[in-house]
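[1] Below are the sequence and a predicted model for it; my questions follow.
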Amino acid sequence: MKKKIILTGDRPTGRLHVGHYVGSLKERVRLQNSGEFDEIYIMIADAQALTDNAEHPEKVRQNIIQVALDYLACGLDPEKVHIFIQSMVPELTELTFYYMNLVTVSRVQRNPTVKAEIQQRNFEASIPVGFFCYPISQASDITAFKATVVPVGEDQMPMLEQCREIVDKFNSVYGETLIKPEIMLPSNKACLRLPGIDGKAKMSKSLGNCIYLSDTPEDIKKKVMSMYTDPTHIKVSDPGHVEGNAVFTYLDAFCKDEYFAEFLPEYANLDELKAHYERGGLGDVKIKKFLLNVLLAELGPIRERRQMWEQRIPDVLNILKEGTKVAQAKAAETLHDVRSAMKINYFDGDLIL
Ligand code: TRP
């Protein structure tokens with residue numbers, strides 16, 4: 001039977017936030033514990049981070065350990081998953097070089113994620129070639145591990161499409177070699193794209209609207225109490241809107257019924273709370289305090305585990321080293337298959353030219 005393999009990862013350009021958590025990390029931990037997968041690879045995509053941070057390698061370097069700490073804090077278990085550093089697996093770069101010949105410039109230009117990022121970074125005419133090619137490199141990351149499933153956020157959908165096209169192209173030119181991956185998105189709509197605390201569409205470090213997994217309870221309190229709600233809900237008695245109200249979107253993403261029994265027993269569940277808000281007579285401070293309690297309950301164990309791992313940095317480095325060793329061996333196997341399929345394995349067996 002075909003093995004079930006997961007590959008996913010993150011760019012180490014900052015600490016991970018609650019958007020990463022509900023959008024992907026929580027799902028990874030669930031998949032890890034489901035026992036349904038034969039191999040799970042979690043990649044810290046430092047080489048990809050360098051494609052738009054070439055002049056700040058120290059920023060990428062420092063964040064590798066931060067991302068590893070966030071992973072371990074969320075409950076990723078190095079006994080069950082291989083956490084590794086992308087640039088330490090040079091096979092990925094080699095594979096990218098071969099895939100580049102199977103993709104046209106205009107196809108990458110049509111990739112909506114690349115388009116959006118070029119705009120965001122004001123690259124326009126000065127796009128680094130490496131940055132432009134990162135969707136191709138991402139296809140290498142996925143296929144080098146023969147991944148069948150890639151759990152990521154919605155924004156990565158165009159990357160997966162591009163990857164699947166590369167697989168088809170490679171297999172049709174060189175013969176069946178590569179595995180075509182499936183994307184896996186969170187099923188809860190609120191988790192697909194958690195807004196920032198300012199209500200803006202995306203949580204992002206540059207907008208300063210994130211709640212980080214490493215935030216202290218005081219940080220979280222400050223952020224939650226300043227959160228964007230409903231600008232038309234001025235007096236407590238006014239009817240309020242829950243759509244587009246960041247507090248309710250967060251509750252959709254994080255709340256479980258048992259939190260009502262614990263923190264807000266006047267309501268049985270989120271539907272009742274929403275109905276009251278929409279009717280009027282429910283103040284923002286009350287819903288914010290409830291959300292704060294929910295977030296403290298959800299993030300507390302994560303923060304504690306993070307603090308524990310922060311005391312054990314040499315062990316964290318060892319986990320990365322061991323994970324990278326396994327990942328490198330796996331990628332080398334695939335590269336062997338790729339070279340054979342392309343008949344560029346010149347020194348295998350008799351030298352045939
Ligand atoms: N592009 C992803 C991000 O920005 C990181 C990444 C690199 C990745 N290679 C990958 C994700 C392969 C999934 C699969 O976070």
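    Received it, and whenever you're ready, just let me know what you need. Residues are numbered from 1 along each chain as shown.

[2] Neighbours of the residue of the stretch 151-300 of the chain found nearest the ligand, how many?
    Nearest residue of the stretch 151-300 of the chain to the ligand, counting by CB to the nearest ligand atom: Val152, 4.9 Å away. Backbone N, C-alpha and C define where each C-beta goes, glycine included. Residues lying near Val152 (other CB atoms under 10 Å) number 23.

[3] show me the contacts for Leu292.
    Ile220, Lys221, Val224, Met225 (CB atoms under 8 Å, 6 or more residues apart in numbering).

[4] Go through those residues and name the one nearest Phe260.
    Distance to Phe260 across the contacts of Leu292 (CB to CB) is lowest for Val224, with 17.4 Å.

[5] Show the contacting residues for that closest one.
    Taking CB under 8 Å, 6+ apart as the test, what Val224 contacts is Ile197, Ile211, Val247, Lys288, Leu291, Leu292, Leu295.

[6] mind listing the helices for the stretch 1-150 of the chain?
    With DSSP state H, counting those that start in this stretch as the criterion, the stretch 1-150 of the chain has helices at 18-20, 26-34, 46-50, 57-74, 91-99, 105-109, 112-120, 129-132, 134-144.

[7] Please identify the most buried of these.
    helix 134-144 (a mean of 26; mean count of other CB atoms under 10 Å).

[8] which bits of the stretch 1-150 of the chain sit near the ligand?
    Leu7, Thr8, Gly9, Asp10, Arg11, Ala45, Gln48, Gln138, Asp141, Ile142, Val150 (CB under 6 Å from any ligand atom).

[9] switch the cut-off to 5 Å
    Thr8, Gly9, Asp10, Arg11, Ala45, Gln48, Gln138, Asp141 (CB under 5 Å from any ligand atom).

[10] Give me the pLDDT for the closest residue to the third one other than its chain neighbours.
    It refers to Asp10. Leaving aside its sequence neighbours, Asp10 sits nearest to Val67 (CB to CB, 6 or more residues apart in numbering; 5.8 Å). According to the prediction, Val67 has pLDDT 98.

[11] Where does the prediction get shaky in this protein?
    Residues of the chain meeting the criterion pLDDT under 70: 350-353.

[12] For it, which segments are assigned as strands?
    Along the chain, counting by DSSP state E, strands occupy 5-10, 39-44, 82-85, 149-151, 182-184.

[13] could the ones you listed go into CSV alongside mean neighbour count?
    Listed next are these as CSV, based on neighbours: other CB atoms under 10 Å:
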stretch, mean neighbour count
strand 5-10, 23
strand 39-44, 24
strand 82-85, 24
strand 149-151, 21
strand 182-184, 15
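
[14] Let me have these in TSV, extended by distance to Arg164.
    Output for the strands of the chain, formatted as TSV (distance: least, CB to CB, whole Å):
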stretch	distance to Arg164
strand 5-10	14
strand 39-44	18
strand 82-85	23
strand 149-151	10
strand 182-184	9
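
[15] ok, back up a step: can you tell me which of the residues of the stretch 1-150 of the chain next to the ligand lies closest to Lys235?
    The closest of those, once distances to Lys235 are taken by CB to CB, is Asp10, at 42.7 Å.

[16] surely the closest one meets Ala68?
    No: taking contacts as CB atoms under 8 Å, Asp10 lies outside contact range of Ala68: 10.3 Å.

[17] Identify the contacts common to the two.
    Ile44.

[18] Next up, the contacts around the closest residue to Asp155 other than its chain neighbours.
    Spatial nearest neighbour of Asp155, chain neighbours left out: Thr113 (6.1 Å); criterion: CB to CB, 6+ apart. Shown in contact with Thr113 (CB under 8 Å, 6+ apart): Pro135, Asp155, Gln156, Pro158, Met159.

[19] Please flag which of those sit within helices.
    The helices, defined by DSSP state H, take in Pro135, Pro158, Met159 from those.

[20] The residue of the stretch 251-353 of the chain found nearest the ligand: how many residues sit nearby?
    With CB to the nearest ligand atom, the shortest gap between the stretch 251-353 of the chain and the ligand falls at Ala327, namely 12.2 Å. Residues near Ala327, counting by other CB under 10 Å, number 26.

[21] for it, what are its contacts?
    Applying CB under 8 Å, 6+ apart, the residues near Ala327 are Tyr41, Met43, His82, Phe84, Val89, Phe145.

[22] Of these, which pair is most distant in space?
    The widest separation within those (CB to CB) is 10.8 Å, between His82 and Val89.

[23] buried stuff in stretch 312-322?
    By neighbour count with 16 or more other CB atoms under 10 Å, stretch 312-322 contains the buried residues Val316, Ile319, Leu320.

[24] Next: stretch 304-312.
    Under 16+ other CB under 10 Å, the buried positions of stretch 304-312 are Arg305, Arg306, Trp309.

[25] Which residue is the nearest non-sequential neighbour of the second one?
    What it means is Arg306. Ala73 (3.6 Å).
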